[in-house]
Each structure stands twice: as C-alpha cells, then as structure tokens.
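Could you work out the structure for the sequence below:
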Amino acid sequence: MAAAASAHPVAAPRVGLLYDERMCAHATPDGEDHPENPERLRAIWRKLNAEGVASRCVVLKAKEAEDKYIAAVHSQSHVKLMKEISSKKYDASRNKIARRFNSIYFNKGSSESAVLAAGSVIDVAEKVAAGELTSAIALVRPPGHHAEHNEAMGFCLFNNVAVAANYLLNERPDLGIKKILIVDWDVHHGNATQKMFYKDPRVLFFSVHRFDYGSFYPSEGDASHCFIGEEAGKGYNINVPWEHGKCGDADYIAAWEHVLLPVTEAFDPDMIMVSAGFDAALGDPLGGCCITPNGYALLLTKLLGFAQGRIVMALEGGYNLRSIANSVFACAKVLLGDKFTFNSPEMQPFESTWRVIQAVRDELKTCWPVLSSKLPHNVSLRIKPSPSELFASSDSESESEDVYEFSGAVESINVIQVADDGISEHLSKMKLDEDNLALKTGSSCSTAEQHPTDSVEVHNNASVVLSKRISDLSLAWRSDLSIIHVWYASFGSNMWKPRFLCYIQGGKAEGMSIPCCGSRDTSSPRGTVWKTVPHRLLFGRSSTPCWGSGGVAFLNPEINYNEQSYVCMYKITLEQFNDILFQENRLVLEDSKDGNVVYPDSPLIGSSEMEFMSTNKAINLEPIKGSWYSNVLYLGNEDGLPILTMTCPSSDIELFKTGELPLVPPSKTYAATLIKGLVEGKQLDPDEAANYISSAAASGL
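A predicted model of the protein is given here:
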C-alpha cells in the first residue's frame, strides 16, 4: 500500500497569485490620506513573501483587459471615461469629475490600474477554468463590486469580478463554465454585481454585509434580504444583511451553514468567484465587524468542497494593513492545502443574526426547498451590542494586535480538525451575554462648567449644536414630557395620517415594507392643522428599508421666502415627539428575550432644548449627528404651542449641492403616500399634488 501511494502521489495545488506594482499607481491626486491606498497591496505582498507563501504559488503579472470585455458589463461612455481620465486632457478637470461620483478619486495612474485590475481577474479566472491553475488569488486595486454599469462608485472604477464572470459565461463557453457562484464577503453590499446578474440564473450571487436597516454604505434598500432576483434570475440573488456591526466568525459561519452551503450544493456551480473584501475583519477602520484570519480560513475551506475547488479570489475592500495581510495569508494557506485547527473561544452569533438568517430562508424557501426546514431552537445567542459599542472605533491598537496574533493560529499541518458537525456542536453550547442591554448612544462631548451634562454652542447660522449624553437622564422624563404639548410638522410620508399613526401606535400602512414599533404613548393626536412654511422641500439619499429605492423628503433648514412647502401638523406630546425622533433615527432596539421594544433612556428634546429653540430656531443633535434626521427646527407657534419638525443638518445640504450625497426622485410608492396625504388633507387635488412632488424632486439646490 505504501509503495502504491508513493507511486501515485497527490499533485500539490497550483495556486495562482497575481500581483503587479503597476496597480499601486492609483492613488489620491495630492497624496492625502485615504483608506483605499497602494499600501494595501504592498502590505499583503510583503506578508506573503515573508511567510514563504508567494514562492509556493504560481506568481503572475497583470494583464490589461480588452475594451470589449469591460464594455460587456459597463457602458461605452463609462469605459471611455475611465480609460481617458488619467490623460493630459483631464488634468484640469479630473478632480471635479471625481466629485461627481460617490466616494471616488482619480490620478494619473488610475486608468492603467483599473484596466489592469479587470484584466487580471479575467486572466486568473480563465486559467482556473482551463485547469492550468487549481485556484487563484488576484491582488488587484482599485476594487470593483460597487462600480455600476455607468458610473464609478465606492472606490471602484470597473467591476472586476463581474467582467471576469461575464467573460467566462459568454466569451469562453468552450471552457465549460456554465454556472458561477459569486460570494461577496466584503462588509459592504455588492450593489453593482447584484444588478449586473439580477435576472441571470447562471450566476448565484451571495452577499453578506452590514446593512444597519439601510444606513450602512452604500445605503441602498436593495441590499435587504427581500431582493432575490427577477424573472429567470429569481432566487439567484441572496442578501444576508446584518443589522449592526461587531458581527464575527460565529455570525458568518452561521450564514454559511444555514444559507450559503445548502443553496450552493443545490446550485452545483462550475466555479466560485469570491469578491474578497477584508473590511469585515477585526480591526478594520470602516467595517466595524470582527472576523479573524482563522474565520476567513474556515469560510474559504467550506467553499472548497464545491466546483472541484475551482476558486478565484479577487481583492475588494479591507483597510487595516495588518488585518488584510493576515487574512489573505490565511486564505492562501487554505488554497495551498495547509490545513488548520479552528479555535474560537466564543462561538456565539448575535440574536439578530439568527433572525436575519431566518428571514433570508423564509424569503427564498420557495426557490430553494432546502431552506424550508426550521432552524435549531436550542441555540444561545448574544444580545445586540449597544450603540456606544457600535460607534466606538474598531481600529484600536489592542484589536490590531489581536489580528496579528490570530495569524499564528493557521498552522502548516496536514489534518483539518474541524468535523462537519463541529459548528452545530459549537452553536449548541453558546451562552447568552446580557450585558449592555440598555440603549446608550454616543459619548460625552465637551462640557460647560455650569452644566456638566450639557454643552451648547451657538453658531453664526443661529442654530444650536447640543452635546448631551443620551443616557444621563432618568426615565422620569417620560412623565414630565407627557404633559407638554407641541405641534409636529410633517412634510413627507407622515402627511398621510395612517402612515403617521404607525409612529404612534405601531405597525405599518399601505406601501411600507417594514413596521414601526410605535410610541410608549399610543394616544391619537389632539388636533391636526395644515399650513405652508418658507422652506424648500427636496428628495435625497438613494433608498430606505421602508420604501425601497428612491429619495426621501427633507426640508432645507434655511428659510427661503421664495419657497413654500406644505406641512401637516399634529398636536402631540413632547414624549411622543421624542419617540418619533427615536424611530426616524433608528435608535429603538428589540429585546430578543421577550420581544419588548427598548427605547433610549433619555430624551433628545426636553424642556431646556425647547427654550434654546425658541430663540435659536434649530438644534443639531450632536449624539446622533450621523443620522438622517438629526436636526430639529422650530417653525414658530400655533395656538400658543411650538411647531417642531425634524430634517437633515445644514452640512448635508452642502453635500447634496456638491453631489457627495445624491438628490434622487422619490419612488412611486413613496410619492403616492405623499400625494395621499396632500389630497386627503384637502390641500391639493391629485394632479396638483403630483406636480408639487415632481417639481420639488426636479429642481436643483
């Protein structure tokens, strides 16, 4: 037997490793700091060389992609602009053009880098498909999965993985690749890849990403689990959208075990392409999640059982140099056949992870019957982290050191010591962490000597920036504010009373895709009044979880007597107004133990804030300054009671003007809701209401 074994040795994997210094020429035009920078590639390359991994791979240089292959997924105009943007004719306008896009920069090396990145993924994918390589890692930049058909976006110029997948399916049918699984484990949703294959059953697209109810980049509603593909592609688009940060190995492994792997087995792909972003790694400054190098190694190991191990990894995000290098190193060792022992001291997914996975399975079970079975019930889960944990920097020195130490756990040994049922065994032993159940948001900002918990700074525009720790006040505030009445002036979907009552009594109205939790005080408004205000109505942002793709309503905080916008005013308590603020800014949590709703334990607007607003006209709420509706405006009085509304801060208006935040017309469903409010409130007839909405959406700022 020994002689026979030695006569027919198992061939070592031929792993391709593509690196080319030319892709480091893409950098910020003036050398300013940026998370997507050339050192990302260099740090990985240094690590792989230092550990002897590069010498064990088939090292490849980059190749430029032909225009026709890029143009198969991008528009001709986009290809032309990206190929010419680094030329002399754009020297004077290059930076201005970059500002037209979302999170993009250009320099004189951008065009070549982009074409090399796309061509490199084509090249390694072709070699793996042809059997020249068993698998491959393409260290490319700029990344690609955000690059849309007709625009650059999110650090991405061309969609490298989509270009390569399309090439194999449509240009090289002789290679026999008829079905491709694209696994996007970048912390951000692969919005562009999803759209490019949304109706194509030859591509199973799986994206696991932070969603945060639609507020995490790219902040588009189609990153939710409800978007599963259309027509022939229905069921072939799978989104696993995390509700918050801090998700780690256990959460991702649970998504693999209970969604990805069962569907992949049924799909039976001929090749797997990984949009390998490492910004969900522990220590990443943008992702806020906690996958270890060991975790990535196990996720990749689970995929090796499909498509005869034909896997192509193309680098996407990842912005902590140490964690991205260690994570790629761990994955390279897996592809080379160096098995490992998976040790995770706390295999505990969040309760929200379990809920998201169940929702994904319910959405897809008619397309994939393998998902019809019930999830295990005897699983202990972690409570969702508090906002103070989520908002804390994930790029601490201690976490970075942890990332470095974890790299040593991937040992060069010969046996995988993770049984097939190992994950289920770990899950069954998980413990419940009840710490930090109370909601706390933000941290204390600069304080005034006379008010240790408050700091008020008056700016030239007469608005007030309030710095207050939300958790500093007792719950007695509710009884105090329940006897104070205000007028809440709604200018968006809340103009329609059935939709507004969702914020008071809970539930959802027609057209809404997710319900509201309601107010602690479910009393109906004591009165309703319509009026106009001298503020500009606009529609911005790309989508919301509730209404899907399309902009939502904001009022320009600045008074403009040439503009008039309709508002429906509801007479409610100041307690109810705070509960609406909480819900609009997604500050309400659900306690998974008993299903109860957990509200912040102190108000955003109290009696003292009302006094400030009566003279200063606005308060920018510093503890929630990153939220969409963090600016409360004082619009005067009605019957002796103050009129309040909530909108975006003035800083967002400047971003809308420059294009850094998009101005987008509302979706048909959202617009119809506004029209219902205007018509039922007897302000306009249906045609007039439609013209009012379309005019506001079409006018520039």
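
When you work out contacts or count neighbours from here on, use the C-alpha atoms and nothing else.
OK.

average pLDDT across the longest helix that the chain contains?
Longest helix in the chain, counting residues (DSSP state H): helix 110-130. Averaged over helix 110-130, pLDDT sits at 98.

Use 57 as the first number from now on
New numbering, starting at 57: the last item is helix 166-186.

Buried residues, it. List them.
Using 16 or more other CA atoms under 10 Å as the test for burial, helix 166-186 gives 166-185.

Okay, strands next: where are they in the stretch 357-506 of the chain?
In the stretch 357-506 of the chain, the strands defined using DSSP state E, counting those that start in this stretch lie at 367-371.

Show me where it has its helices.
Secondary structure of the stretch 357-506 of the chain (DSSP state H, counting those that start in this stretch): helices located at 377-391, 407-420, 443-447, 453-463, 478-484.

ok so, going back, give me the sheet partners of the next helix or strand after the longest helix of the chain and which way each runs.
Sequence order places strand 191-194 as the next helix or strand after helix 166-186, per DSSP states H and E. Strand 191-194 pairs in its sheet with strand 71-74 (parallel), strand 367-371 (parallel), by DSSP bridges.

Return the most buried member of these.
strand 367-371 (a mean of 29; mean count of other CA atoms under 10 Å).

Show residues contacting that strand.
Outside strand 367-371, the residues that touch it by CA atoms under 8 Å, 6 or more residues apart in numbering are 177, 180-181, 184, 190-197, 199, 216-217, 327-333, 360.

any chance of the strands paired with strand 191-194 in CSV, with mean pLDDT and distance to Lys124 too?
As requested, those are exported to CSV (pLDDT from 0 to 100; distance: least, CA to CA, whole Å):
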stretch, mean pLDDT, distance to Lys124
strand 71-74, 98, 22
strand 367-371, 98, 21
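
Assess the claim that Tyr161 and Thr84 are in contact.
Yes: using CA atoms under 8 Å as the test, Tyr161 is close enough to Thr84 to be in contact (6.2 Å).

Report pLDDT for Ser599.
For Ser599, the pLDDT comes out at 84.

Can you get me a residue count around it?
The tally of other residues near Ser599 (other CA atoms under 10 Å) stands at 23.

ditto for Asn616
Neighbour tally, Asn616, other CA under 10 Å: 12.

Contacts only, for it.
Asn616 makes contact with 590-592 under the criterion CA under 8 Å, 6+ apart.

From those residues, pick the one nearest Phe283.
Nearest to Phe283 among the contacts of Asn616: Arg592, at 33.1 Å, using CA to CA.

Contacts only, for that closest one.
So Arg592 contacts 611-612, 615-616, 619-621, 752 (CA under 8 Å, 6+ apart).

Select from the residues you listed the one having the most neighbours.
Of those, Leu611 is surrounded by the most neighbours, 24 neighbours in total, counting by other CA under 10 Å.

which residues touch the closest residue to that one other than its chain neighbours?
Using CA to CA, 6 or more residues apart in numbering and skipping the chain neighbours, the partner closest in space to Leu611 is Leu593 (4.8 Å). Counting by CA under 8 Å, 6+ apart, Leu593 makes contact with 547, 609-612, 621, 752.

got the residues you listed as a markdown table, with distance to Met79 columns?
Shown next, in a markdown table, are the contacts of Leu593 (distance: CA to CA, whole Å):
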| residue | distance to Met79 |
| --- | --- |
| Phe547 | 48 |
| Ala609 | 41 |
| Phe610 | 41 |
| Leu611 | 43 |
| Asn612 | 42 |
| Ser621 | 50 |
| Ala752 | 43 |
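
In helices only, show me these.
Ala752.

possible to save the contacts of Leu593 as TSV with pLDDT and distance to Ser707?
Below are those laid out as TSV (pLDDT from 0 to 100; distance: CA to CA, whole Å):
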residue	pLDDT	distance to Ser707
Phe547	97	20
Ala609	96	16
Phe610	96	13
Leu611	96	13
Asn612	95	11
Ser621	96	21
Ala752	94	20
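
quick one: contacts for the residue nearest to Thr600 when sequence neighbours are not counted?
For Thr600, ignoring the flanking residues on the chain, the nearest one in space by CA to CA, 6+ apart is Gly277 at 5.1 Å. Contact analysis of Gly277 by CA under 8 Å, 6+ apart lists 270, 598-601, 603-605.

try Ala220
Applying CA under 8 Å, 6+ apart, we find Ala220 in contact with 174-175, 177-178, 181.

my read is Lys251 is in a helix, agree?
Yes: counting by DSSP: H, G, I helix; E, B strand; the rest coil, Lys251 falls inside a helix.

What count of nearby residues applies to it?
Other residues near Lys251 come to 16 when the count uses other CA under 10 Å.

Same check on Cys558?
Neighbours of Cys558 using other CA under 10 Å come to 20.

Kindly provide the distance from it to Gln632.
Going from Cys558 to Gln632 by CA to CA, to the nearest Å gives 12 Å.

do Leu316 as well
Leu316 is 42 Å from Gln632, where distance means CA to CA.

Settle it for me: which of the two has more neighbours?
Legend: neighbour count by other CA under 10 Å for Leu316 and Gln632, higher for Gln632 (27 against 21).

Verify the stated contact: the more buried one with Gly574.
No: Gln632 is beyond contact range of Gly574, at 9.1 Å (criterion: CA under 8 Å).

List the residues that are in contact with both of those two.
Residues touching both Gln632 and Gly574 by CA under 8 Å, 6+ apart: Ile560.

which residues sit in contact with Gln632?
Gln632 makes contact with 538, 560, 575-577, according to CA under 8 Å, 6+ apart.
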